[in-house]
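Chemist: Generate a structure from the sequence data that follows.
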Amino acid sequence: MRAIYELLASESYIAIDGTGIITKAEYSKTYYILVPCIDELVLINLDEMTILDSLDRSAENLFKVLKYSDIEEIQLEKGILDYKLNITSDGEKYNFIVQDSALSDFRMSGYYAGILSDSLKMVNWHSTNIDRTIQFLKDIGDESNEK
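Modeler: Next up, the predicted model:
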C-alpha cells in the first residue's frame, strides 16, 4: 500500500494512512483502488495501471478525483458478500461493489491487493483497510447529508 500512497503523493494527493480498498464499478469489469485523501477521494483505475509501468501512465487516465466539497451523497449497503457503494458527486453517480474482507483472499480484491503489496509476500491490504475505509466513507456520507 505504501507504493500506492507514494504514487498519490507524487500527484500531490495525501492519503489517509490505513485506508484504501479495491472497488469494482457495478456495471462493468473495471476495478479501482479507492483511497481517501485529505481533501478528496481518489480512484485509481486498475485497467490503466500495471505493476511494471504505473509511473508511465498519465494522471489524467489513471486517477478520478472526487473532492469532498463536491460529494452530495454516499450510500453504503451491506450485502452477504459485498458492500454496495453509491457516490453522487457534482451531479454524477458512481456505483461500486466492495468485496467484504471475510472472503477477499479468495476474490479479486485480495488478488489485486496482493499483487500491489509492498513486500515479496502477498499481503491483502484491502482486508486490513476495509473497516476503517468503510467507516470513513460513512462519516463523509453523514457530513454530505447534513449540507
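
Chemist: what's the helix or strand hosting N129 packed up against?
Modeler: Using DSSP states H and E, N129 maps to helix 125-145. Counting contacts by 3 or more C-beta pairs under 8 Å, 6 or more residues apart in numbering; DSSP states H and E, helix 125-145 packs against strand 21-25, strand 31-36, strand 71-78, strand 92-99, helix 108-115. C-beta: built from backbone N, CA, C; applies to glycine.

Chemist: what about these, which gets the closest to L137?
Modeler: The closest of these to L137 is strand 71-78. By C-beta to C-beta, the value is 5.6 Å.

Chemist: Look up which residues are beta-bridged to the residue nearest the centre of the chain.
Modeler: Centroid-nearest residue in the chain: L34, 1.1 Å away (criterion: C-alpha atoms, centre = their mean). Beta-bridge pairing for L34 (DSSP bridges): I21, L43.

Chemist: Look up how far H126 lies from it.
Modeler: 10 Å (C-beta to C-beta, to the nearest Å).

Chemist: Common neighbours of these two, please.
Modeler: G20, I21, I22 (C-beta atoms under 8 Å, 6 or more residues apart in numbering).
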